[in-house]
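Undergrad: This is a predicted model, with the sequence first.
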Amino acid sequence: MTKLAPVPIARFAAMSVMNGFDTVLRFGWVPILISTLAGMVLEPKVMTVMPEDGEIVIEFGWMFVFVLVAVVTQAIFAVAWHRCVALGEARPGQRFYLRFGRREAVYGLVAFVVVAILSMGVGALPMVAQLMSSGQALAGLFVFGAPVMALFLLARLCLLLPMVAIAGAADPAKSWLAVGGNTWRVVAVLVLVGIPVLVVELVLISVFGSIIDAAVTSMGALGLVVSFLARFVSGLVFLALLGVIVSALTLLYMVLLGDETLRTRLPAPYDSFIGP
């Protein structure tokens, strides 16, 4: 049975983005531009603060539209980057990339399900912390099963994303079986690339959120321009971080499910990605 080496996979995933940063920007700037403009228009509609009591009212219809735009634009970039890493489709010279077809639509749907699984697990963590801090260790350990199960499911189904982008079809059984025996090694890969992404994203939210709030409240019309630029730049940074995760999933797919031709496209010899 093939045993993965998580550290080399995570390292080469990061290197693929650094070495192909120009391609990341070419594939991503138009989707990020669209999502930035949509965010500026939709965010005031999604959440309203009632002036009487300060209660926050969420409009779920606009929330759905907001999430849909985010899923679509990220799927456009992710499919292109999967195919670039695996198949070498860098599309040199193409400065404007915006393609949304069946492949991107299916990818967006699968990504939404995968993120929902992860969110359910992460959402249980505050409850775990609360139970542990109140001395209910046994109950806390029981609830901790939700994040563990979410990671397990995420690892076993994560190959669906590169599978859709590269092969054009989603086969949950194929992903489940391919990861078998490597579940926690795949989790290790996802943690190695996901934790730095999460940390940087939190920093981005803090820094650029402050810039946006200050610009909107004190700079008038110019504040909208500053807000747009801050959102756009932070979106591009997030896209590069997303590219690392996409690269890691692509490498996992190439090692676990790739044929000999696909494996020759790995950024290092096949044995480099195999552990003891």
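TA: All right, it came through fine. Residues are numbered from 1 along each chain as shown.

Undergrad: which residues does L154 contact?
TA: By C-beta atoms under 8 Å, 6 or more residues apart in numbering, the contact list for L154 reads 114, 117-118, 121, 187, 190. Quick note: C-beta positions are derived from backbone N, CA and C, even for glycine.

Undergrad: I meant to write L239 there.
TA: 24, 28, 31-32, 77.

Undergrad: can you give me the strands for this protein?
TA: Under the criterion DSSP state E, strands of the chain are mapped to 47-49, 56-58.

Undergrad: What separation do you get for the spatially most central residue of the chain and Y270?
TA: Using C-alpha atoms, centre = their mean, the residue of the chain that lies closest to the mean C-alpha position is L242, 4.8 Å off. Separation of L242 from Y270 (C-beta to C-beta, to the nearest Å): 26 Å.

Undergrad: Could you tell me how many residues sit around A14?
TA: Per other C-beta atoms under 10 Å, the neighbour tally for A14 reads 18.

Undergrad: Test my guess that it contacts V246.
TA: No: with contact defined as C-beta atoms under 8 Å, A14 does not count as touching V246 (11.6 Å).

Undergrad: Kindly reformat the contacts of L154 as a markdown table containing neighbour count and distance to F238.
TA: What follows is the contacts of L154, written out as a markdown table (neighbours: other C-beta atoms under 10 Å; distance: C-beta to C-beta, whole Å):
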| residue | neighbour count | distance to F238 |
| --- | --- | --- |
| V114 | 17 | 17 |
| I117 | 18 | 21 |
| L118 | 18 | 16 |
| G121 | 19 | 21 |
| V187 | 20 | 23 |
| L190 | 21 | 17 |
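
Undergrad: Among these, which ones are in helices?
TA: Counted as lying in helices by DSSP state H, out of these, are 114, 117-118, 121, 187, 190.
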